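Trainee: The following block contains a protein sequence and its predicted model.
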Amino acid sequence: MTLVQLEYIVAVDTYRSFVTAADKCFVTQPTLSMQVQKLEELISVKIFDRSKQPVSPTEIGAQIIAQARIILQESGKIKELISSQQQDVLGELRIGVIPTVAPYLLPEVISAMLDKYPELKLLIWEYTTEDIIHHLKTGVLDCGILATPLTDPNITEIPLYYENFVSYISKNSKLYKKKAVDAEDLNDENIWLLNEGHCMRNQVLNICRSTKNNRLQGLEYNTGSVETLVRMVDLNGGATLLPELAIAELNAKQTSKIRHFKSPEPVREISLVTHKNFIKKRMLNALKDEILEIIPKTMKQKKKKDIVGI
């Protein structure tokens with residue numbers, strides 16, 4: 001039994017396809033299939049039911065794969081120990097980020113990390129919170145940047161900053177004349193929301209319980225983009241809520257439509273999350289340090305802030 005064989009069965013389980021697993025492991029499909037078959041012959045057990053599409057593990061196969069993931073995680077600690085001893089930040093870091101964080105945080109962080117750590121390779125995907133958690137547990141991702149708390153015993157959370165929600169209000173709204181708003185003020189507004197599945201949608205609904213959302217006469221609009229929410233308010237009226245870092249992307253005319261909430265302001269906690277058995281500590285700490293370097297000092301303080309659940 002070899003570590004390579006264990007990597008292959010984990011890949012097949014993750015992608016539920018021998019072809020895709022081979023592609024992700026940078027080998028031919030016959031090579032991967034042969035090694036999986038050798039392992040099955042060695043232990044006299046069928047790990048996968050090949051009659052199903054997509055391919056799925058057998059009952060005993062699922063248990064073997066779960067143990068294989070643990071073995072691979074533990075074996076990876078050897079490389080991490082060597083890297084730690086050499087004080088190097090190198091290798092591959094696979095990151096999942098929610099779409100309401102990525103465009104406002106990552107460009108500057110990516111630039112700084114690639115300049116500082118030339119031996120580091122960053123692989124980044126935008127996913128919903130649910131997808132990030134799933135990919136952390138299956139080993140597709142190393143870490144995620146998302147809103148917390150998650151209260152998942154298998155996920156480790158490292159809080160990074162506390163970002164205010166702000167309201168973005170049409171000039172045609174009676175709230176436009178206000179200098180600051182509270183949640184009750186928004187009850188009579190048409191609130192533009194993100195699609196189902198985005199944690200920020202849930203947070204906005206926790207702040208303002210308006211049932212008049214994303215609807216005009218003859219229209220129900222579904223979007224996963226904060227920028228689209230801004231445009232919908234600009235062109236169709238109503239209001240939406242934005243994360244504070246998004247303000248920097250607005251022009252002067254749009255910035256005039258921003259209204260902060262009265263104290264205590266609702267905030268979202270943004271954290272770096274990993275599986276509890278994560279081992280690439282030096283890379284993770286390097287990412288954390290670069291994020292904290294660009295975040296305003298006021299966002300690092302938790303005092304007098306109302307963290308909105310997801």
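Mentor: Yep, that arrived.
Trainee: for the protein, longest helix please?
Mentor: helix 59-85 (DSSP state H).
Trainee: And the contacts of the helix or strand following that one?
Mentor: Beyond helix 59-85 on the C-terminal side, the first helix or strand identified by DSSP states H and E is strand 91-97. By CB atoms under 8 Å, 6 or more residues apart in numbering, the residues outside strand 91-97 that reach it are 79, 83, 105-106, 119-127, 131-132, 135-136, 140-146, 280, 283-284, 287. Quick note: C-beta positions are derived from backbone N, CA and C, even for glycine.
Trainee: same question for the longest strand along the chain, mean pLDDT?
Mentor: Assignment by DSSP state E gives strand 155-169 as the longest strand of the chain. The pLDDT scores in strand 155-169 average 95.
Trainee: Could you spell out the sheet neighbours of it, each with its direction?
Mentor: Each strand paired with strand 155-169, and its direction, by DSSP bridges: strand 239-243 (antiparallel), strand 258-261 (antiparallel), strand 266-275 (antiparallel).
Trainee: Quick one: closest of the ones you listed to K52.
Mentor: If you check each of those against K52 by CB to CB, strand 266-275 wins as the nearest, at 26.9 Å.
Trainee: Give me the buried positions along the helix or strand just after that closest one.
Mentor: Toward the C-terminus, strand 266-275 is succeeded by helix 281-294 as the next helix or strand (DSSP H and E). Across helix 281-294, burial judged by 16 or more other CB atoms under 10 Å covers R282, M283, L284, A286, L287, K288, E290, I291.
Trainee: so which of those comes closest to D234?
Mentor: I291 (30.4 Å).
Trainee: List the buried residues of the longest strand of the chain.
Mentor: When neighbours are counted by 16+ other CB under 10 Å, the buried residues of strand 155-169 are found to be 155-157, 160-169.
Trainee: Ramachandran coordinates for the residue nearest to Y104 when sequence neighbours are not counted?
Mentor: Closest residue to Y104 in three dimensions, ignoring its sequence neighbours and counting by CB to CB, 6 or more residues apart in numbering: L245, at 3.8 Å. Backbone torsions for L245, taken as degrees, to the nearest 10, come to phi -60, psi -20.
Trainee: cool, R16 as well?
Mentor: Backbone torsions of R16, given as degrees, to the nearest 10, read phi 50, psi 40.
Trainee: So the spatially closest residue to it that is not a sequence neighbour: helix, strand or coil?
Mentor: Closest residue to R16 apart from its sequence neighbours, by CB to CB, 6+ apart: P54 at 3.7 Å. Three-state assignment for P54 (DSSP: H, G, I helix; E, B strand; the rest coil): coil.
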